[in-house]
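Engineer: predicted model, plus sequence, below.
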Amino acid sequence: MKLAYRDFVPKRVAHSTGWFWSKDVFYESLDEALEAVNRWTAESHVRIINVETVVLPNIWEEYEEGTTDAALRTSGETTSYWHQFVRVWYEVP
């Protein structure tokens, strides 16, 4: 058996710069990511092994590689943004 995974991350739906030091960033809800999971599983007919909610910091930052990045940075007194997404582990035929 060979395992694979697919991440369903709420997408950025708006980004605008407000005042001098502020950013307005909006994302889809986790429920919308779950709807995408349900559509994908219905269409792909894969054998699901596990479904989990994952929380990682700073996946949208400029030098990060998203959910597949093995080393996401957060430290000290700087602001970090944590993001939830759904990871589906499945069997590859």
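Structural biologist: Thanks, I have the structure now.
Engineer: the closest residue to I48 other than its chain neighbours: neighbour count?
Structural biologist: Excluding the flanking residues, the one nearest I48 by CB to CB, 6 or more residues apart in numbering is Y90, at 5.2 Å. Just so you know, the C-beta spots here come from the backbone N, C-alpha and C atoms, and that holds for glycine as well. By other CB atoms under 10 Å, the residues close to Y90 number 19.
Engineer: how about the CA coordinates for the helix or strand hosting Y90, as PDB?
Structural biologist: Counting by DSSP states H and E, the element that carries Y90 is strand 82-92. Below are the C-alpha coordinates for strand 82-92, written out as PDB (Å, rounded to 0.1, in the frame of the first residue of the first chain):
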ATOM      1  CA  TRP A  82      -1.900  30.400  12.500                       C
ATOM      2  CA  HIS A  83      -4.000  28.700   9.800                       C
ATOM      3  CA  GLN A  84      -6.300  25.600   9.900                       C
ATOM      4  CA  PHE A  85      -6.800  23.300   7.000                       C
ATOM      5  CA  VAL A  86      -8.000  19.800   6.300                       C
ATOM      6  CA  ARG A  87      -5.500  17.100   5.300                       C
ATOM      7  CA  VAL A  88      -6.800  13.800   3.800                       C
ATOM      8  CA  TRP A  89      -4.600  10.800   3.800                       C
ATOM      9  CA  TYR A  90      -5.600   8.200   1.200                       C
ATOM     10  CA  GLU A  91      -4.400   5.000  -0.400                       C
ATOM     11  CA  VAL A  92      -2.800   5.200  -3.900                       C
END
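Engineer: much appreciated, bye for now.
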